[in-house]
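Chemist: can't give you the sequence, but here's the structure:
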């Protein structure tokens, strides 16, 4: 009985932390997308609220400057305007603070043109 009570207590303590994670669930452009025309913006959608701490875009290894207005805004959907993009392959790296304060991060890539 004591073991059961301790297990139940442990589950109750851990449950809120597990629910608070806010993983990335969608991007636009999608990872691996091949686009006929360059997008005007990047869209990142998280399962819960997240604050983008870092977002970078690179083309052929060269960073493309993005504004900083989108950083540290608390939201589930982040829309980041892009400058005009040439044809080629792009890599997006992101880092965010999840609702529970954990750092989450990832990358995705897309191609403009052939």
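Modeler: Arrived safely. Keep in mind that this is a model prediction, so the values were computed, not measured. Numbering: from 1, shown residues only.
Chemist: Quickly list what the spatially closest residue to residue 29 that is not a sequence neighbour is bridged to.
Modeler: Of all residues not flanking residue 29 in the chain, residue 110 sits nearest, at 4.0 Å (C-beta to C-beta, 6 or more residues apart in numbering). The way it works is simple: take the backbone N, C-alpha and C, and place the C-beta from them, glycine included. With DSSP bridges as the criterion, residue 110 is bridged to residue 33, residue 90.
Chemist: OK, contacts around residue 110?
Modeler: Residue 110 makes contact with 29-35, 39, 89-90, 92, according to C-beta atoms under 8 Å, 6 or more residues apart in numbering.
Chemist: what does residue 60 give?
Modeler: The contact partners of residue 60, by C-beta under 8 Å, 6+ apart, come to 88-89.
Chemist: quick one: it from residue 81, how far?
Modeler: When distance is defined by C-beta to C-beta, to the nearest Å, residue 60 is 21 Å away from residue 81.
Chemist: can you give me the helices for the chain?
Modeler: Ranges of helices in the chain, per DSSP state H, are 2-20.
Chemist: Show me where this structure dips below the pLDDT cut-off.
Modeler: Within the chain, the stretches with pLDDT under 70 are 1-20.
Chemist: need the longest strand for it.
Modeler: strand 41-59 (DSSP state E).
Chemist: List the buried residues of it.
Modeler: With burial defined by 16 or more other C-beta atoms under 10 Å, the residues of strand 41-59 counted as buried are 42, 44, 46, 49-52, 55, 57.
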